[in-house]
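A.B. asks: here you go, sequence then predicted model.
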Amino acid sequence: MSTTTLAVLVPLLPFLSALAGLLSGRRAPGFVRPLAVLPTLGAAVLAVLVAVRQGGGKAIDTATELTPTGSVPIDLSLHLDGFAVLVAVLVGVVATCVQIYSTAYLRDDPRYPSYAALVSLFTSAMLLVVYSGDLMVLLVGWEVMGICSYFLVGHYWETEAARSASLKAFLVTKLGDVPFLIGLFALAADAGSFRITKILGAVASGGLSHPTLIALLLLAGVAGKSAQFPLHTWLPDAMAGPTPVSALIHAATMVAAGVYFIARLLPVFAASRAALVVMAVIAAVTMVGSALAALAQDDIKRVLAYSTVGQLGYMTGALAVGDRGAAVFHLLSHGAFKALLFLGAGVIIHAAGTNSLAAMSRMDGLAKRIPDAFWTMTVALLALAAIPPFAGFFSKEAVLVAAEHTAGGHSDFAPVAAGWTVLVAGVLTALLTAAYATRLWLMAFRGRGAAAPDHGREPLAMTGVLWLLAIPSIGFGLAAGPIADWFDGRRLTPTVTTSLLGTGAALIGALLTYGMWQRATAKAATAAESAAETPEVAEVTHDHPAVPAGPAPDPGKALLGPLHRHAADGFHLDAVYDRLFVRPVRGAASLVRFLDREVVDTYVTGAGAGPRLLGLLVRRAQTGNVQGYLSALLAGAVVLAIATAVIANVNAGS
């Protein structure tokens, strides 16, 4: 079987699984779980085979015209290069892990059949984006992912949070998709084709007439999909959905699609130095702002959500300095350890028995109760904090190396300003990332909140997946050398300068957080001992005399100080958008409703009331009395005679 045939089967298998699941899920409950897991597993295996056959060599291109469309044709095409085949492997592996994990996590959920089918459709759409060589076909997968995220985030539609989050995610991403679509049409009009290879050829020959405008329009869509400032606010709220969905969205689909899209079309963006500077500024603001927000969150999933936003900022920063190899390398590394973190958080929530206990300040005794989650999440947090030799260290260092290279003026097209912006923001974010990763580990596994009831050992389908994902979280960084040949051949290994900067910043952040934690814990213990000496308080806290009532100590408050309140609320961006956009739109809608009801409806009502009143008068005149009719006729004749005589006299006088 040819490589292209195998590649076609990769997105087709989960699509057929989704179709079958949506059509017959509840009528064949015994086949729901195999139907969800096996096709996705088959797609992952085939993706690995495609990657092995492609081997990081020359790109494989094949195309057939989908339908005649006039001057700009749309082709059903495949473009298999090193980026595409490796990202497809990531998507297949993470999706398979999510499907296996979900069989236990949502075992008692009555809507599991539709959930599993939508996850398969989500996976198929992302794989279509990854393998597609035509932008219009890519757009199909791009939009299908948006629809799937709407339904999956709103899976628990009984809750207001889930309904609001799904609608917000849909609307914010659509806000970015409008300029994105315009940018695609403008790009195709300049290049004369939607084919990626032809577009890149047109860019190389200087065939783009409006490179800056096109790049900025496309960047707006990427900002919405990949949750970059200022369109990132939907992603933390999307945590209202099931935790496995969060893992899928954050690790391998949806938000990764935007970064992958820019990597595919990087020469289009590189044709405009202004666009690269804008991208660098967006990446810097996203990195630092999201890291500060993560340091102030109490819900464990919101911490991880803001963490994803920041790590995507690293990827966007690498693209802004012209190194798509570093960006995709970090995308692959991040996909492994972020999926592990979310699925580990799911084990914590599952052990607690309710989503309401996702607050880290209320966690206690989890390290001993769920050792699998403890050890694997420790590995993932070390990777997130970029501590060597874990995977995140190598991929994050690749981004910093690329930024340092550009800042030194060694890039052929990326501005020096973009390099310095990404480098400074990247080092600062490394410090903050280690700080909130350490804070999460301390509060989740060393916390002194209210202990949740013990439900026994977690299912193997959940814990086994954690250990599977721990392997690339530990060892994927070792592929930094060989994997460079699959991309543009640029070096992805750390340098001494960036290693000292990045790792030093991470260690400072971790040590500061640990010191603040120790200090806050000591103060809380002292306060508890003093309170225990009071009989009234001792009577309430006699079971835990050394632990104060209320939330556990939070080092984030001490680190952020007065900034904590603003960071916890995402720097009030939702409130700003509410005043700038939501309220004016609602005001305009109220005005339209008033005009429709009080003005337009008045004319409509009047148009009906006039004939109705006239009919009422005519109906009353129809009495059926012949004498009355003759009297009215005589009176009318007299009136006409008088009027005729008056008119005749007037005419005679003139």
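C.D. replies: Right, received. Where do you want to start? Numbering: from 1, shown residues only.
A.B. asks: end to end, how far does stretch 467-481 reach?
C.D. replies: Distance between the two ends of stretch 467-481: 25 Å, counting by CA to CA, to the nearest Å.
A.B. asks: now it: average pLDDT?
C.D. replies: For stretch 467-481, the mean pLDDT works out to 90.
A.B. asks: got the contact list for that stretch?
C.D. replies: The contact list for stretch 467-481 (CB atoms under 8 Å, 6 or more residues apart in numbering) reads 97, 329, 332-333, 336-337, 339-340, 343, 372, 375-376, 379-380, 383, 389-395, 398, 492-493. C-beta: built from backbone N, CA, C; applies to glycine.
A.B. asks: give me the buried subset of the residues you listed.
C.D. replies: 97, 329, 332-333, 336-337, 339-340, 343, 372, 375-376, 379-380, 383, 390-395, 398, 492 (16 or more other CB atoms under 10 Å).
A.B. asks: quick one: which of those sit in helices?
C.D. replies: Among those, the ones falling in helices (DSSP state H) are 97, 329, 332-333, 336-337, 339-340, 343, 372, 375-376, 379-380, 383, 391-395, 398.
A.B. asks: rounded mean pLDDT for stretch 52-65, please.
C.D. replies: 88.
A.B. asks: now do it: distance from first to last residue.
C.D. replies: 28 Å.
A.B. asks: can you map out the helices along the stretch 351-500 of the chain?
C.D. replies: 366-369, 371-384, 391-407, 416-445, 460-475, 480-483, 496-532 (DSSP state H, counting those that start in this stretch).
A.B. asks: ok, now the stretch 51-200 of the chain?
C.D. replies: With DSSP H, counting those that start in this stretch, the ranges of helices along the stretch 51-200 of the chain come out as 82-105, 112-131, 135-153, 160-191, 196-204.
A.B. asks: show me what the third one is packed up against.
C.D. replies: By that I understand helix 135-153. Using 3 or more CB pairs under 8 Å, 6 or more residues apart in numbering; DSSP states H and E, the elements in contact with helix 135-153 are strand 74-80, helix 112-131, helix 160-191, helix 243-251, helix 255-264.
A.B. asks: which stretch in these has the least confidence?
C.D. replies: strand 74-80 (a mean of 90).
A.B. asks: could I get the helices of the stretch 51-200 of the chain as TSV with distance to residue 266?
C.D. replies: What follows is these, written out as TSV (distance: least, CB to CB, whole Å):
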stretch	distance to residue 266
helix 82-105	10
helix 112-131	16
helix 135-153	14
helix 160-191	13
helix 196-204	9
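A.B. asks: where do the helices sit along the stretch 201-350 of the chain?
C.D. replies: Under DSSP H, counting those that start in this stretch, the stretch 201-350 of the chain gives helices at 211-225, 234-237, 243-251, 255-264, 266-270, 273-294, 300-320, 324-352.
A.B. asks: between those, which gets nearest to residue 578?
C.D. replies: Smallest distance to residue 578 across these (CB to CB): 13.5 Å, for helix 234-237.
A.B. asks: tell me what the closest one is packed against?
C.D. replies: Judged by 3+ CB pairs under 8 Å, 6+ apart, helix 234-237 is in contact with helix 160-191, helix 300-320.
A.B. asks: between these, which one is closest to residue 529.
C.D. replies: Going by CB to CB, the one of the helices and strands packed on helix 234-237 nearest residue 529 is helix 300-320, 29.3 Å.
A.B. asks: quick check: angle from that closest one to helix 255-264?
C.D. replies: 0 degrees (axes from the mean of the first three to the mean of the last three CA atoms, to 10 degrees).
A.B. asks: next, the angle from helix 300-320 to helix 211-225.
C.D. replies: Angle, helix 300-320 to helix 211-225, by the same axes, to 10 degrees: 160 degrees.
A.B. asks: could you list every residue that touches residue 436?
C.D. replies: Residue 436 touches 291, 294-295, 303, 307, 513, 556, counting by CB under 8 Å, 6+ apart.
A.B. asks: how far away is it from residue 524?
C.D. replies: According to CB to CB, to the nearest Å, residue 436 and residue 524 sit 20 Å apart.
A.B. asks: please apply the same query to residue 506.
C.D. replies: 27 Å.
A.B. asks: now the helix or strand that contains residue 45: buried residues?
C.D. replies: Assigned by DSSP states H and E, residue 45 falls within helix 32-54. For helix 32-54, a neighbour-count test (16+ other CB under 10 Å) marks 32-33, 35-37, 39-51, 53-54 as buried.
A.B. asks: next structured bit after the worst-scoring helix or strand of the chain on mean pLDDT?
C.D. replies: Every helix and strand of the chain was ranked by mean pLDDT, DSSP states H and E. The lowest is helix 535-540, at a mean of 44. For helix 535-540, the following helix or strand on the C-terminal side (DSSP H and E) is helix 555-560.
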